[in-house]
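J.: sequence plus predicted model, see below.
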Amino acid sequence: MSELLDPQRWRPAPFLPQADARDGALTFVVATLCFLACLTALTVLAADRAARGWTDQLTGQATVIVRAKGAETPDSAAARAAEALAGVRGVSEAQALEKAKAEALIAPWLEDGADLEDLPVPRLVAVALDPKAPATAAELDTALQAQGLDAVVDDHSVWMKDIKRAAGLARWIGAAVFALIAAAAGAVVAFATRAGLAARHEVVEVLHLSGAQNEFISRLFEMRFARMAAVAGLIGAGAAGLMGAALRLAGGGQGLTPVLPIAWIDLAAILPCPLIAAAVAAAAARLTAQALIREMT
Amino acid sequence: MSRNPQAAAAFDASRAVVAFDDVSMRYGRNPETLKDLTFSLAPGSFHFITGASGAGKSSLLKLIYLAVKPSKGLLHLFGQDVSTVAGKDQPFLRRRIGVVFQELRLLEHLSAFDNAALPLRIAGRKPETYRQDVAELLSWVGLRNRMHAMPETLAGGERQRLAIARAVVNRPDILLADEPTGNVDHEMGLRILRLFVELNRLGTTVLIATHDQDLVARSGRPVLHLADGRLTKLAPQGHSAAQLDE
């Protein structure tokens, strides 16, 4: 094809040089930060789910310790307690545990060879509460008192406070780490923009002195760094997504990762990462470019 | 002050392309580089600025192309006091000024054609509207066969002519050139001067900063001489412009 007719030869080249030796390293750093941010987001979601799971389990259950009084056998007292509790509004099910189960719970606290037959081992009643309107410890206690039973209700409220506190702390720490990583990504892009502008000072100056408006020049850098960050965000989010999927497939809530149960829906949380990275990069590039152009003029 | 018919018309200071009124300029806290300059350039005029190294020639051009600001005095461009021009409007003022930088400042990642077309692209022109004009301009400066060459492959004279093409592509009202013949041989220097004379004939006001006394003498154009930051106007000297044009 004749040179004059070849449209490729006449297509205007971009105002900024396309390739830069530092672009690869910068993409790697931003991708790594995006990966860490996505991983943190997944961890926060999983920690939140785990905490909610633990709380749900504890709020849905209560344990009643029953001691026999007078001539009544422990088994009989436990059976009466279970019957009384089953009739309380807000209780789904109450079941007296067998003697062997109660003894198995106590055994770890005793020396080897201790004879449990000699001990007045209390019986336990496991109470499943209605998750929508659970009975309170006071209501259970009242029902037991009414039957003249010597019993103590443990509604797990002591553990729940600890778990809720731990879950809240985990959420805050996760959010703080996420914010820190996002800020670091923004700062890296801002520094990179500054370095990019400094390296292309000559280009910026020629554009400026040729009548380019500050907005026009800063938009060139904005677009360039937004594109770079979007690609880096895609790489980082992709890697974090793969890791999340691998953890989910390896066990999710029940298998190898019971502490941090990841759900498939959690992976949706990292989808906006490329967009957010691009937006952060664009804003950082815009502000940095405008400040540098102002300094130049 | 010029042989150009337009410049020969009665000079009206308010219509001057450039007017300095007691202008001084300093970089940061340093002593003044330019001191108390008062002069004006009529539309269509052609002047040289001469002076020793460090006399302030480049600084004077920088003031005109709005790269630096006066520390004192009033500078008018195209009848406008530049200190009253808002920052967002300055680019539009710059588009009326063509500059050939001493160090040329060609963009090495752009072809000769894209370098020359740069001011037009910045002004928002579409490629199809300027392709023909830029090609003709590059032919005019003798780069017809080098349009798609990258600047690094161009010879010194070709680079110089490309920088001139970029400076004049949008038909500026004033062309500023800083040592435009500094890196070329005598013959090429004369060719470049002929280009400037040709542009001046088309109505462009031309102001050239140079060390090249021979070039100044051959042109027969008026000289603004700078010494220690102060301005001295000299009469035209040496050969006439007609000789140069032959």
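T.: Nice, I can see it.
J.: how far does stretch B:18-31 sit from the chain's center?
T.: With C-alpha atoms, centre = their mean, to the nearest Å as the basis, stretch B:18-31 stands 19 Å off its chain's centre.
J.: go on, stretch B:206-216?
T.: With C-alpha atoms, centre = their mean, you get 11 Å for stretch B:206-216.
J.: ok, stretch A:215-232 next?
T.: Here the centre of stretch A:215-232 is set off from its chain's centre by 31 Å, with C-alpha atoms, centre = their mean.
J.: repeat for stretch B:167-180
T.: Centre-to-centre, stretch B:167-180 and its host chain are 4 Å apart (C-alpha atoms, centre = their mean).
J.: may I have that stretch as CSV, with CA atoms only?
T.: These are the backbone C-alpha positions of stretch B:167-180, laid out as CSV (Å, rounded to 0.1, in the frame of the first residue of the first chain):
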residue,chain,number,x,y,z
ALA,B,167,5.8,27.0,15.6
VAL,B,168,4.0,28.4,12.5
VAL,B,169,1.5,25.7,11.7
ASN,B,170,-1.4,27.5,13.3
ARG,B,171,-0.5,30.8,11.7
PRO,B,172,0.5,32.6,14.9
ASP,B,173,0.4,36.4,15.2
ILE,B,174,3.9,36.4,16.4
LEU,B,175,6.8,34.0,16.0
LEU,B,176,9.6,33.9,18.6
ALA,B,177,12.8,32.1,17.8
ASP,B,178,15.6,31.5,20.3
GLU,B,179,18.9,31.0,18.6
PRO,B,180,17.3,29.3,15.6
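J.: buried ones in it?
T.: Neighbour counts using 16 or more other C-beta atoms under 10 Å in any protein chain shown place B:167-170, B:172-180 of stretch B:167-180 among the buried residues. For every residue, glycine as well, the C-beta is placed using N, CA and C.
J.: again, but for stretch A:68-79
T.: Across stretch A:68-79, burial judged by 16+ other C-beta under 10 Å covers A:68, A:74, A:77-78.
J.: what's the average pLDDT for whichever strand or helix holds A:Asp141?
T.: Per DSSP states H and E, A:Asp141 falls inside helix A:137-146. Averaged across helix A:137-146, the pLDDT comes to 90.
J.: quick one: contacts of that helix?
T.: A:62, A:64, A:66, A:81, A:84-85, A:87-91, A:127, A:151, A:153-155, A:157 (C-beta atoms under 8 Å, 6 or more residues apart in numbering or on different chains).
J.: please flag which of the residues you listed sit within helices.
T.: In this view, the contacts of helix A:137-146 that belong to helices under DSSP state H are A:81, A:84-85, A:157.
J.: show the buried residues in those residues.
T.: Here, 16+ other C-beta under 10 Å leaves A:81, A:84-85 buried among the ones in helices among the contacts of helix A:137-146.
J.: if we can go back for a sec, from the buried residues of stretch A:68-79, which is closest to chain B?
T.: Among those, A:Ala78 lies closest to chain B (C-beta to the nearest C-beta), at 85.2 Å.
J.: what lies in contact with the host helix or strand of the closest one?
T.: If you go by DSSP H and E, A:Ala78 is part of helix A:74-86. For helix A:74-86, the surrounding residues in contact (C-beta under 8 Å, 6+ apart) are A:64, A:66-69, A:91, A:93-97, A:99, A:120-125, A:127, A:140, A:143-144, A:146-147, A:149-151.
J.: tell me the mean pLDDT for that helix?
T.: Averaging pLDDT along helix A:74-86 yields 89.
J.: residues touching B:Asp36, list them.
T.: Going by C-beta under 8 Å, 6+ apart, B:Asp36 touches B:22-24, B:73, B:230.
J.: show me what from chain A comes close to chain B.
T.: Proximity of chain A to chain B (C-beta under 8 Å from any C-beta of the partner chain) is limited to residues A:3, A:9-13, A:15-18, A:202-203, A:205-214, A:216, A:297.
J.: need the helices for the stretch 151-297 of chain A, in chain order.
T.: Using DSSP state H, counting those that start in this stretch, the helices of the stretch 151-297 of chain A run over A:157-199, A:201-209, A:214-250, A:273-296.
J.: make CSV from those and add distance to B:Tyr65 to it.
T.: Listed next are the helices of the stretch 151-297 of chain A as CSV, based on distance: least, C-beta to C-beta, whole Å:
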stretch, distance to B:Tyr65
helix A:157-199, 21
helix A:201-209, 6
helix A:214-250, 16
helix A:273-296, 14
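J.: quick one: B:Val169 and B:Leu120 touch, right?
T.: Yes - counting by C-beta atoms under 8 Å, B:Val169 touches B:Leu120, with 5.9 Å between them.
J.: residues that sit against both of those two, list them.
T.: Common contact partners of B:Val169 and B:Leu120 (C-beta under 8 Å, 6+ apart): B:130, B:133-134.
J.: any idea which of those is closest to A:Leu267?
T.: Closest approach between the shared contacts of B:Val169 and B:Leu120 and A:Leu267, by C-beta to C-beta: B:Tyr130, at 49.7 Å.
J.: tell me which element that closest one falls in.
T.: Taking DSSP H and E as the definition, one finds B:Tyr130 inside helix B:127-140.
J.: list the buried residues in the very next helix or strand once past that helix.
T.: Going down the chain from helix B:127-140, the next helix or strand is helix B:156-168, by DSSP H and E. Counting neighbours by 16+ other C-beta under 10 Å, one finds that the buried residues in helix B:156-168 are B:157-168.
J.: now do stretch A:86-96
T.: Within stretch A:86-96, the residues that count as buried by 16+ other C-beta under 10 Å are A:86, A:88, A:91, A:94, A:96.
J.: same deal with stretch A:96-114?
T.: By neighbour count on 16+ other C-beta under 10 Å, the buried set for stretch A:96-114 is A:96-97, A:102.
J.: out of the buried residues of helix B:156-168, which comes closest to chain A?
T.: So of these, ranked by how close each gets to chain A (C-beta to the nearest C-beta), first place is B:Arg166, at 7.8 Å.
J.: okay, the closest one: pLDDT?
T.: 95.
J.: Three-state assignment for the residue positioned nearest the centre of chain B, please.
T.: Nearest residue to the geometric centre of chain B (C-alpha atoms, centre = their mean): B:Leu176, 1.1 Å. For B:Leu176, the assignment made with DSSP: H, G, I helix; E, B strand; the rest coil gives strand.
J.: that one and B:Val100 touch, don't they?
T.: Yes - with contacts counted by C-beta under 8 Å, B:Leu176 reaches B:Val100, the gap being 7.1 Å.
J.: between these two, what contacts are shared?
T.: Common neighbours of B:Leu176 and B:Val100, using C-beta under 8 Å, 6+ apart, are B:Ala167.
J.: quick one on the thing from earlier: which of the buried residues of stretch A:96-114 lies closest to B:His211?
T.: A:Leu97 (104.8 Å).
J.: tell me the contacts of the closest residue to chain B within chain A?
T.: Taking C-beta to the nearest C-beta, chain B has its nearest neighbour within chain A at A:Gly211, 3.6 Å off. With contact taken as C-beta under 8 Å, 6+ apart, A:Gly211 is in contact with B:91-92, B:94-95, B:119, B:122-123.
J.: got CSV for the residues you listed, with neighbour count too?
T.: Formatted as CSV, the contacts of A:Gly211 follow (neighbours: other C-beta atoms under 10 Å in any protein chain shown):
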residue, neighbour count
B:Pro91, 22
B:Phe92, 12
B:Arg94, 23
B:Arg95, 18
B:Pro119, 27
B:Ile122, 22
B:Ala123, 16
